[in-house]
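Asks: Requesting a structural model of the entry that follows:
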Amino acid sequence: MRKKTALIHGGITTDAQTGAVSLPIFQASTFKQKSVGDFTYEYGRTGNPTREGVESFIAAIEQGTHGFAFASGMAAIHAVMQLFEAGDHLLITDDVYGGTYRLMTKILAKNNISVSFVDTADHAAIEAAITSATKAIFIETPTNPLLKVTDIRAVAQLAQQHNLTLIVDNTFSTPYWQNPLVLGADIVVHSATKYLGGHSDVVAGLVAVKDEQLAEQLHFIQNGAGAVLSPHDSWLLIRGMKTLGVRMEEIEHNANKLAAFLVAHPKVEKVYYPGLSSHKGHTIHEAQASGFGGIISFTVATEEQALALLQRTKFFTLAESLGAVESLISLPAKMTHASIPRERRLALGIEDGLIRISVGLEDIEDLIEDLTQALQ
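Replies: Have a look, this model is predicted:
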């Protein structure tokens with residue numbers, strides 16, 4: 001089954017009992033048992049038919065065996081982190097989303113789980129950072145917001161050599177363009193709020209795995225901690241995921257043209273987009289993914305210029321998040337990555353004048369004209 005077909009027919013997306021082609025919203029907190037212990041569903045936190053629909057859906061399109069739906073992307077990552085214990089050590093991509101950085105440094109530290117941030121595009125740096133306490137490698141590829149690319153296959157081989165769990169945040173590429181489980185990862189996570197939902201109307205997180213033992217552990221954590229996705233949000237997510245393929249193709253069409261426009265503009269100093277042949281990770285990304293996505297970051301000379309630009313756009317909405325049908329624009333240093341200390345941001349290359357855009361489905365000429373007048 002090819003990807004666009006899987007997005008329509010993968011997982012449980014219809015109701016077997018009624019024949020409804022849209023899986024119903026089972027708005028129930030508990031379920032009648034035939035007799036004590038004889039049931040299909042027991043309690044809403046443990047399982048729900050609508051949530052099971054989206055969980056089977058993400059497993060299918062990520063080519064895994066089990067999926068799990070959570071109340072947010074950060075809840076999904078936090079649940080995965082509960083696989084580890086006090087004294088464990090994790091390696092994390094250095095250029096990571098600010099919320100992930102905050103979780104790793106402020107919350108996991110309380111559980112005595114230590115982390116090291118490394119450039120996961122540098123295999124020697126990864127190997128040098130592995131200790132006897134290291135249990136996992138967590139990577140974003142492409143990263144947020146600098147679009148750095150990590151070779152998933154190579155890191156998977158390294159993880160296997162050292163008996164480490166490889167976790168990949170696949171939010172930017174989506175399962176339509178990239179499938180980390182196929183490339184050797186053990187766990188894939190998504191902020192499903194973004195491209196999978198696609199309409200800025202749901203907050204959700206998804207996890208997919210291919211290993212039965214990992215699946216059992218994650219279900220226990222999901223049920224025990226309880227940060228599950230609601231039935232209504234599960235239904236919204238299923239609806240959004242069905243159009244993922246056509247959205248990603250049109251978004252990428254727009255992104256390629258916008259990236260070329262920005263590269264040629266005299267007031268733009270740097271452009272970060274893996275679809276550009278000049279991008280450092282272009283070749284690796286092309287080898288492990290079938291598309292380059294819709295996130296572009298670029299720099300202007302100063303923070304003041306960046307702030308002025310953000311105030312002038314008409315079709316790029318100034319807002320956090322990404323991956324929706326409408327184009328969004330943000331200043332990572334003061335928005336998505338404000339939780340990272342400025343010194344560290346600058347060391348990573350997240351400059352005060354760095355702007356991130358999430359390309360949407362508007363007419364490309366309108367988007368180019370909007371940025372043209374804003375840059376002036």
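
Asks: Render the CA-only coordinates of stretch 223-240 in PDB, please.
Replies: Extracted C-alpha coordinates of stretch 223-240, given in PDB (Å, rounded to 0.1, in the frame of the first residue of the first chain):
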ATOM      1  CA  ASN A 223      -2.200   4.200  31.200                       C
ATOM      2  CA  GLY A 224      -0.300   4.800  34.500                       C
ATOM      3  CA  ALA A 225       0.500   8.400  33.900                       C
ATOM      4  CA  GLY A 226      -2.700   9.100  32.100                       C
ATOM      5  CA  ALA A 227      -1.800  12.000  29.700                       C
ATOM      6  CA  VAL A 228      -4.000  10.500  26.900                       C
ATOM      7  CA  LEU A 229      -5.500  12.100  23.900                       C
ATOM      8  CA  SER A 230      -9.300  12.800  24.200                       C
ATOM      9  CA  PRO A 231     -11.800  11.100  21.800                       C
ATOM     10  CA  HIS A 232     -12.700  14.300  20.100                       C
ATOM     11  CA  ASP A 233      -9.100  15.400  19.600                       C
ATOM     12  CA  SER A 234      -8.300  11.800  18.300                       C
ATOM     13  CA  TRP A 235     -11.100  12.300  15.700                       C
ATOM     14  CA  LEU A 236      -9.700  15.700  14.600                       C
ATOM     15  CA  LEU A 237      -6.300  14.100  14.200                       C
ATOM     16  CA  ILE A 238      -7.600  11.300  12.100                       C
ATOM     17  CA  ARG A 239      -9.300  13.800   9.900                       C
ATOM     18  CA  GLY A 240      -6.200  15.900   9.500                       C
END
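
Asks: For that stretch, which outside residues touch it?
Replies: Stretch 223-240 is contacted from outside by 13, 22-28, 44-46, 48, 50-51, 53-54, 57, 69-72, 75, 78-79, 82, 192, 196-199, 201-206, 222, using Cβ atoms under 8 Å, 6 or more residues apart in numbering. No exception for glycine: its C-beta is placed from N, CA and C like everyone else's.

Asks: and this protein, what are its domains?
Replies: For the chain, automatic domain parsing gives the domain ranges 3-242, 245-375.

Asks: any chance of these in a markdown table, plus mean neighbour count and mean pLDDT?
Replies: Formatted as a markdown table, those follow (neighbours: other Cβ atoms under 10 Å; pLDDT from 0 to 100):
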| stretch | mean neighbour count | mean pLDDT |
| --- | --- | --- |
| domain 3-242 | 20 | 96 |
| domain 245-375 | 18 | 95 |
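
Asks: contacting residues around the closest residue in space to residue 215 that isn't next to it in sequence?
Replies: Spatially, and ignoring its direct neighbours in sequence, residue 215 is nearest to residue 66 (3.8 Å; Cβ to Cβ, 6 or more residues apart in numbering). Going by Cβ under 8 Å, 6+ apart, residue 66 touches 55, 59, 208, 209, 210, 212, 214, 215, 218, 219.

Asks: any idea which of those is the one closest to residue 259?
Replies: residue 208 (29.3 Å; Cβ to Cβ).

Asks: my guess is that closest one is in a strand, correct?
Replies: Yes - per DSSP: H, G, I helix; E, B strand; the rest coil, residue 208 lies within a strand segment.

Asks: thought it was touching residue 57?
Replies: No - if you go by Cβ atoms under 8 Å, residue 208 and residue 57 don't touch, sitting 9.8 Å apart.

Asks: Which parts of this protein are strands?
Replies: Under the criterion DSSP state E, the chain contains strands at 66-70, 89-93, 114-118, 134-140, 165-169, 187-191, 205-209, 270-272, 295-299, 317-318, 328-330, 354-358.

Asks: Would you format those strands as a markdown table with distance to residue 101 included?
Replies: Below are those laid out as a markdown table (distance: least, Cβ to Cβ, whole Å):
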| stretch | distance to residue 101 |
| --- | --- |
| strand 66-70 | 19 |
| strand 89-93 | 8 |
| strand 114-118 | 8 |
| strand 134-140 | 11 |
| strand 165-169 | 12 |
| strand 187-191 | 14 |
| strand 205-209 | 17 |
| strand 270-272 | 18 |
| strand 295-299 | 17 |
| strand 317-318 | 22 |
| strand 328-330 | 16 |
| strand 354-358 | 16 |
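
Asks: The chain: helices as residue ranges?
Replies: Using DSSP state H, the helices of the chain run over 3-9, 49-61, 73-81, 98-102, 123-129, 152-161, 174-177, 212-225, 231-242, 244-264, 282-288, 303-312, 342-348, 364-375.

Asks: doesn't residue 162 make contact with residue 135?
Replies: No - using Cβ under 8 Å, residue 135 is not in contact with residue 162; the gap is 9.7 Å.

Asks: who touches both of those two?
Replies: Counting by Cβ under 8 Å, 6+ apart, nothing touches both residue 135 and residue 162.

Asks: if we can go back for a sec, got the contacts of residue 66 as CSV, with distance to residue 149 columns?
Replies: Listed next are those as CSV, based on distance: Cβ to Cβ, whole Å:
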residue, distance to residue 149
55, 29
59, 25
208, 21
209, 23
210, 23
212, 31
214, 25
215, 29
218, 27
219, 32
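
Asks: circling back: the helices of the chain: which one's closest to residue 146?
Replies: Evaluated over those, closeness to residue 146 peaks at helix 342-348, with 7.0 Å, by Cβ to Cβ.
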